[in-house]
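Novice: Sequence plus predicted model, see below.
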Amino acid sequence: MYDFINKKAPMLTIHPLPKPWYLSSPWQLQNHSSPPLIAAASAFSRRTGVVVITSLSDTHHESKQIKASSGGKIKRLVLTQEGRTKLNTYPDREFYSYPRFVTHVDDGFISTLTELYRQRLKPGSHILDLMSSWVSHLPKEVEYKRVVGHGLNAQELSKNPRFDYFFVKDLNQDQELAIESCSLDAVLCTVSVQYLQQPEKVFAEVVRVLKPGGVFIVSFSNRMFYEKAVSAWRDGTAYSRVQLVVQYFQSVEGFTEPEIIRKLISSDSGATQANDSPFDWIMKLLGLLSGADPFYAVIAYRNFKPVCD
């Protein structure tokens, strides 16, 4: 079985988009200035128009600095070793090696998520879209200071019009984010939390990079790549999955009490329904059950929830 936990961390790959990237900003990668970054550029894709950084001279030093930073302290582990396993044990980078230019949830889910972002994300915010793709579902009319994307497929990320830059990294192999501590107003994770094998470490890193009062919004439905979801998620119910994400937040020092948002509406009758059964999920995936995608979000803030104006 592939050992995700003890495998050596992969080299960080960064893909700046054509928009300006000011290294003097709070988004500057730790311990890097522009000469090493420029010198590290070893490939240029004419098709996508992005520069591919395949090596960083200070990567080892950077790792040490991140480990020594004021990240969130993990109070307890949520998942058992068995709960972290996946049916498909090959590296996630291989699974996501080709782009999928599709939306993984229906229009109702997307509309609900966009409205949630409209309410919770202030204009001018610094945002990290974690485990993202070619679309972020942010409200089109709102301008943010900077939006940075993260994911596993550079082709998808390069097509996202909201990103100022993005980076490719497998969080199941290396959970450290090369982003300054206390530099972000918000971190988003959309329909992807089910794939994290080290969620406690990832949530601890999110605490580290958020400013005090910064928000972490984790949204999900009942869809998944079944073979790539961790066992604890794959074998769970709608209720247990929500509670699992709540426990991820609670396992790390620094987050406020998680807030849960649910929207479970039948597309046929408008009646509330819960899709608790993995069998129901499979049936819906095959088109044998109707109904809209249920919406779940778990939200928490670093240290305190800001008072709304």
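Specialist: Yep, that arrived. Numbers count the residues shown, from 1 in each chain.
Novice: mind listing the strands for the stretch 151-300 of the chain?
Specialist: Secondary structure of the stretch 151-300 of the chain (DSSP state E, counting those that start in this stretch): strands at 165-168, 184-190, 210-220, 259-263, 295-301.
Novice: Just list whatever residues bridge to the closest residue to Arg120 other than its chain neighbours.
Specialist: Nearest residue to Arg120, sequence neighbours excluded (C-beta to C-beta, 6 or more residues apart in numbering): Val215, at 5.9 Å. For the C-beta atoms, the positions are set from N, CA and C on the backbone; glycine is no exception. Listed by DSSP bridges, the beta-bridge partners for Val215 are Ala186, Tyr301.
Novice: List just the one of the strands of the stretch 151-300 of the chain that sits closest to Val202.
Specialist: strand 184-190 (8.6 Å; C-beta to C-beta).
Novice: Enumerate every residue touching the residue nearest to Arg120.
Specialist: 120-121, 185-187, 299-302 (C-beta atoms under 8 Å, 6 or more residues apart in numbering).
Novice: so can I have CSV of the residues you listed showing neighbour count?
Specialist: Converted to CSV, the contacts of Val215 look like this (neighbours: other C-beta atoms under 10 Å):
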residue, neighbour count
Arg120, 17
Leu121, 20
Asp185, 21
Ala186, 22
Val187, 27
Ile299, 20
Ala300, 25
Tyr301, 22
Arg302, 23
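Novice: Name the member of those with the shortest distance to Lys145.
Specialist: Asp185 (8.0 Å).
Novice: these two touch, right, the closest one and Ile127?
Specialist: Yes - using C-beta atoms under 8 Å, Asp185 makes contact with Ile127 at a distance of 6.6 Å.
Novice: Find residues that contact each of those two.
Specialist: With C-beta under 8 Å, 6+ apart, Asp185 and Ile127 have common neighbours Leu121.
Novice: So which of the strands of the stretch 151-300 of the chain has the densest surroundings on average?
Specialist: Ranked by mean neighbour count, the strands of the stretch 151-300 of the chain are led by strand 184-190 with a mean of 24 (mean count of other C-beta atoms under 10 Å).
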